[in-house]
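Enquirer: here is my input, please return the structure:
(one chain, ligands or ions: 2)
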Amino acid sequence: MNDTHSRIEALRAALGGRLAILGHHYQSDEVIAHVDFRGDSLELSRRVPQLSAEHIVFCGVFFMAESAAVLAREGQKVHIPAPEAGCTMSNMAPAPLLAAVLEALGRDGRRVTPLTYVNSSAEVKAVCGRFGGSVCTSANAKTMLAWALEQGETVLFLPDKNLAANTADALGLTQAERHVLNIRAAGSRLDLKVAATAKLLVWPGCCSIHHRFRARHVAEARATHPGCLVAVHPECPDETVRAADAVGSTSFLIDFTAKAPAGSTLVIGTEEALVLRLAKQYADEKIVLPLKSVRCANMAKTTPANLAALLENLDRLEPVRVAPEIAKSADLALRRMLDACARA
Ligand code: 13P
Ligand code: SF4
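Expert: Ligands and ions are numbered 1, 2, ... in the order given. Below is the predicted model of the structure:
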């Protein structure tokens with residue numbers, strides 16, 4: 001064990017039950033080596049209020065730490081080793097622009113229900129809460145889009161156009177029922193006439209990592225590894241999803257790999273840190289390969305060095321804070337999701 005790793009382990013031991021470290025599946029193996037719990041973004045956030053630890057360290061990107069802070073109990077402090085770790089997709093949907101677009105779309109009395117993917121800021125979730133909307137994850141997007149469609153005439157899905165398209169396909173919505181919004185020039189170029197005819201309005205954001213997985217990569221994988229099974233994340237373009245054998249959330253891809261028969265070759269379209277970890281874990285039973293080699297630069301911003309620095313200064317550093325009025329409306333949006341999924 002090198003110096004940084006021994007320092008982290010010594011600090012963990014000294015803090016004992018006052019500390020819990022959570023790590024997203026896309027974190028590097030060097031960081032994952034020090035976490036108490038590993039999971040996808042929602043699993044980790046949901047775990048926070050069940051923990052007795054006072055300090056929760058969230059190794060992931062900023063929107064995930066914010067969701068954890070919204071769901072944390074009174075007295076719990078959520079910290080992030082790399083607060084500058086944003087998410088390109090989440091940055092594509094600024095809250096003031098979302099509020100302006102929703103006001104413009106609802107000007108003629110039309111009920112537009114916003115549904116935001118969990119990969120968005122607490123402020124965006126709060127706007128969704130205030131406008132009668134909710135939140136979804138990649139695992140429950142189908143249930144939540146069906147819920148949102150029942151709330152009024154139109155749904156605005158954001159920020160991910162790919163997850164929107166893949167979920168709309170799963171629900172059988174036609175192309176004519178969808179419209180991708182033009183949000184340029186501060187929302188002044190919205191086509192309100194066309195928007196008024198659509199059932200599903202789509203925000204034009206995407207994940208800069210998953211958007212790079214293309215149908216031609218699936219064709220190349222099949223040519224190079226005949227008989228392989230290809231599974232991809234629903235943040236990939238719809239043409240990629242159609243070319244693959246299976247599509248699903250981070251947790252689904254982990255499960256898919258675990259359940260695939262021994263001797264199979266699996267090609268997985270998601271962040272490479274996770275795929276390479278699965279490849280190592282199942283090296284004796286099956287071959288697991290990345291569809292394409294891509295790392296999320298923001299996930300990689302958390303390192304053993306900044307984790308150690310955070311732990312050394314835990315009592316002095318400001319935790320992640322979400323203003324109470326934002327936390328309240330964001331919590332409302334999140335609770336609508338938990339209720340709708342509990343009924344489904
Ligand atoms: P999960 O919600 O599955 O953890 O995914 C988060 C993410 O950033 C996917 O790109
Ligand atoms: Fe955001 Fe994509 Fe990175 Fe996930 S993989 S954190 S969606 S940029």
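Enquirer: got the residues of the chain near ligand 1?
Expert: Within the chain, the positions adjacent to ligand 1 are 24, 40-42, 118-119, 137-138, 207, 235, 249-250 by C-beta under 6 Å from any ligand atom. All C-beta atoms are positioned from the backbone trio N, CA, C, and that covers glycine.
Enquirer: what do you get if the cut-off is 8 Å, keeping everything else the same?
Expert: 24-26, 39-44, 61, 64, 87, 89, 118-119, 137-139, 207, 209-210, 233, 235, 249-251, 270-271, 296, 299 (C-beta under 8 Å from any ligand atom).
Enquirer: out of these, who's near ligand 2?
Expert: 26, 61, 64, 87, 89, 119, 207, 209-210, 235, 271, 296, 299.
Enquirer: show me which of those residues are buried.
Expert: Buried members of these, scored by 16 or more other C-beta atoms under 10 Å, are 26, 61, 64, 87, 89, 119, 207, 209-210, 235, 271, 296, 299.
Enquirer: pick the one among those closest to Thr174.
Expert: Using C-beta to C-beta, Glu235 comes nearest to Thr174 of those, at 22.3 Å.
Enquirer: give the contact list for the spatially closest residue to that closest one that is not a sequence neighbour.
Expert: Counting by C-beta to C-beta, 6 or more residues apart in numbering, His210 is the residue found nearest to Glu235 once chain neighbours are left out, at 3.6 Å. Applying C-beta atoms under 8 Å, 6 or more residues apart in numbering, we find His210 in contact with 162, 232-233, 235-236, 269-270.
Enquirer: swap the cut-off to 10 Å and go again
Expert: 89, 138, 160, 162-163, 232-237, 240, 269-271, 294, 296 (C-beta atoms under 10 Å, 6 or more residues apart in numbering).
Enquirer: which residues in the stretch 101-250 of the chain form helices?
Expert: 122-130, 141-151, 161-171, 192-195, 215-224, 238-243, 250-259 (DSSP state H, counting those that start in this stretch).
Enquirer: if you compare those, which one is most tucked away?
Expert: helix 122-130 (a mean of 25; mean count of other C-beta atoms under 10 Å).
Enquirer: can that one be found next to ligand 2?
Expert: No - Helix 122-130 stays clear of ligand 2 (C-beta under 8 Å from any ligand atom), getting no nearer than 13.6 Å.
Enquirer: packing partners for that helix?
Expert: Packed against helix 122-130, as judged by 3 or more C-beta pairs under 10 Å, 6 or more residues apart in numbering; DSSP states H and E, are the following elements: helix 62-71, helix 95-105, strand 112-117, strand 134-136, strand 154-158, helix 324-343.
Enquirer: save these as a markdown table, and put in distance to Leu192 and mean pLDDT too.
Expert: Shown next, in a markdown table, are these (distance: least, C-beta to C-beta, whole Å; pLDDT from 0 to 100):
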| stretch | distance to Leu192 | mean pLDDT |
| --- | --- | --- |
| helix 62-71 | 30 | 93 |
| helix 95-105 | 7 | 97 |
| strand 112-117 | 11 | 98 |
| strand 134-136 | 24 | 96 |
| strand 154-158 | 12 | 98 |
| helix 324-343 | 25 | 92 |
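Enquirer: residues in contact with Asn2?
Expert: Counting by C-beta under 10 Å, 6+ apart, Asn2 has contacts 30, 304.
Enquirer: including distance to Glu30, could the helices and strands packed on helix 122-130 go into CSV?
Expert: What follows is the helices and strands packed on helix 122-130, written out as CSV (distance: least, C-beta to C-beta, whole Å):
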stretch, distance to Glu30
helix 62-71, 19
helix 95-105, 34
strand 112-117, 28
strand 134-136, 31
strand 154-158, 34
helix 324-343, 31
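Enquirer: wait, which of the ones you listed is closest to Ala279?
Expert: Here helix 62-71 is closest among those (C-beta to C-beta), at 24.3 Å.
Enquirer: same for the worst-scoring helix or strand of the chain on mean pLDDT, what does it pack against?
Expert: The helix or strand of the chain with the lowest confidence, counting by mean pLDDT, DSSP states H and E, is helix 41-47 at a mean of 84. If you count contacts as 3+ C-beta pairs under 10 Å, 6+ apart, helix 41-47 packs onto strand 19-24, strand 37-39, strand 55-59, helix 62-71, helix 250-259, helix 324-343.
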